[in-house]
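K.L.:
Got a predicted model here, sequence first, then my questions.
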Amino acid sequence: MAARVESVKRARERTASALWRALRPHQWAKNLLVFVPLALTPTLLADTAKWIALCWAFAAWSAVASAGYLANDWVDLSADRADAAKSGRPFASGVLPVPLGIAAALALAVFGVGAAALHVSSAFVAHLVAYGVLTLAYSLYLKRLLLLDVLLLAGFYTLRVLAGGAAASIALTPWLLAFSLFLFLGLAFVKRYGELQRMTDSGAGRISGRAYRREDLDLVMMLGTTSAYSSVLVLCLYINSEHVGRQYPHPGALWFLVPLLLYWVSRIWFLAKRGELPGDPVAFAVRDRVSLAVGMLMAGVLWVAIDR
């Protein structure tokens, strides 16, 4: 009897662990982008109410994002089981029962939208619902379309920034939106580049469930690096704009952001070219010591720029 109880307990622990992995909590780091509009508005940094609203926004977005990851894994179940690199995912391996995963996805989606409606704003809820609908459409079909998939991935990142502005009632500048779009488009391309490179090494003709082929490798790199360096150019133009002079007490300090960003995006592409960039570049960055060091230096530069 005791052995049976222990066996049931271990099975439940395995299921709980599998569910936690399926939520992909390491991906929640992307949702910190909702804090960007407030962090870049020096005059509002002391507004506690806005920080609290953004904390709720972060929690709500993370819940809906995890619901999307569960839905995506369910849609890709057959493909993941046939892929050696993805066959260990909770659904594909059979450790996480599909009905439990679907129920968890629905619960997370309801919690996320409900928390946003109660604690943030209707404008933020609209962004969150749009994100949920688009990610579901992406999982079901849009990720199979050439170029539209990377544009959507970049859009998902930019939508987080827009949602942060809606949550904190901050109007975003065209500069921030252009910078975000180019930077995240470059990161979306580098993700596809890594997938194409691994596909080429394995001898496959194309990525499963994607529109990219082996011969697209060089073109994907060209488009990705162009997008990444365009974001650096937008940053330079922004620092030189009149808006910065009105917003920051020491705008000249922001020029130190340029070489830091230039170094980081260049390093990401070097690692991708060498086959040393595993999976999502943003998820990699939050675990990479060099990327974290660059992020801390950038935060220091911003602190100097806003220090009165």
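P.N.:
Ah, there it is.
K.L.:
May I ask which helix or strand of this protein has the lowest mean pLDDT?
P.N.:
helix 77-82 (a mean of 68; mean pLDDT, DSSP states H and E).
K.L.:
buried sites along whatever helix or strand comes next after it?
P.N.:
Later in the chain than helix 77-82, the nearest helix or strand by DSSP states H and E is helix 90-93. Using 16 or more other Cβ atoms under 10 Å as the test for burial, helix 90-93 gives Pro90, Phe91, Ala92. Yep, even glycine has a C-beta here, placed from its N, CA and C like the rest.
K.L.:
Remind me what helix 90-93 packs against, helices and strands.
P.N.:
In terms of contacts (3 or more Cβ pairs under 8 Å, 6 or more residues apart in numbering; DSSP states H and E), helix 90-93 is packed against helix 2-22, helix 48-75, helix 77-82, helix 98-119.
K.L.:
Look up the closest residue to Leu23, ignoring the ones flanking it.
P.N.:
What sits nearest to Leu23 in space, not counting adjacent residues and going by Cβ to Cβ, 6 or more residues apart in numbering, is Ser66, at 4.1 Å.
K.L.:
show me the contacts for that neighbour.
P.N.:
Leu23, Arg24, Pro25, Trp28, Ala105, Leu108 (Cβ atoms under 8 Å, 6 or more residues apart in numbering).
K.L.:
can I get these in JSON lines with distance to Ala123, neighbour count and pLDDT?
P.N.:
Output for those, formatted as JSON lines (distance: Cβ to Cβ, whole Å; neighbours: other Cβ atoms under 10 Å; pLDDT from 0 to 100):
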{"residue": "Leu23", "distance to Ala123": "26", "neighbour count": "22", "pLDDT": "89"}
{"residue": "Arg24", "distance to Ala123": "27", "neighbour count": "19", "pLDDT": "89"}
{"residue": "Pro25", "distance to Ala123": "27", "neighbour count": "12", "pLDDT": "89"}
{"residue": "Trp28", "distance to Ala123": "22", "neighbour count": "18", "pLDDT": "91"}
{"residue": "Ala105", "distance to Ala123": "25", "neighbour count": "22", "pLDDT": "92"}
{"residue": "Leu108", "distance to Ala123": "22", "neighbour count": "21", "pLDDT": "95"}
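K.L.:
Closest to Leu183 out of those residues?
P.N.:
Distances from Leu183 to the contacts of Ser66, taken as Cβ to Cβ, are shortest for Trp28 (19.4 Å).
K.L.:
Quick check: that closest one is in a helix.
P.N.:
Yes. Counting by DSSP: H, G, I helix; E, B strand; the rest coil, Trp28 is part of a helix.
K.L.:
For Cys55, see how far away it is.
P.N.:
13 Å (Cβ to Cβ, to the nearest Å).
K.L.:
do Gly114 as well
P.N.:
As judged by Cβ to Cβ, Gly114 and Cys55 stand 16 Å apart.
K.L.:
With respect to pLDDT, which of the buried residues of helix 90-93 ranks lowest?
P.N.:
Ranked by pLDDT, these bottom out at Ala92 (73).
K.L.:
Look at Ala46 and give its secondary structure.
P.N.:
Three-state call for Ala46 (three-state DSSP): coil.
K.L.:
cool, Leu219 as well?
P.N.:
Three-state call for Leu219 (three-state DSSP): helix.
K.L.:
What of His243?
P.N.:
helix.
K.L.:
Give me the pLDDT for the residue lying closest to it once chain neighbours are set aside.
P.N.:
Spatially, and ignoring its direct neighbours in sequence, His243 is nearest to Thr173 (6.2 Å; Cβ to Cβ, 6+ apart). On the pLDDT scale, Thr173 is placed at 88.
K.L.:
What of the one 10 residues further on?
P.N.:
Leu183 is assigned 95 on the pLDDT scale.
K.L.:
do Ser121 as well
P.N.:
pLDDT, Ser121: 93.
K.L.:
from what I can see it touches Gly165, true?
P.N.:
No. In this structure Ser121 lies outside contact range of Gly165 using Cβ atoms under 8 Å: 10.7 Å.
K.L.:
How about the contacts made by the residue lying closest to Thr135 once chain neighbours are set aside?
P.N.:
Nearest in space to Thr135, with sequence neighbours left out and distances taken as Cβ to Cβ, 6+ apart, is Gly68 at 4.0 Å. Gly68 makes contacts with Ala105, Gly132, Thr135, Leu136, Ser139, as judged by Cβ under 8 Å, 6+ apart.
K.L.:
Name the nearest of those relative to Leu187.
P.N.:
Closest approach to Leu187 among these (Cβ to Cβ): Thr135, at 16.7 Å.
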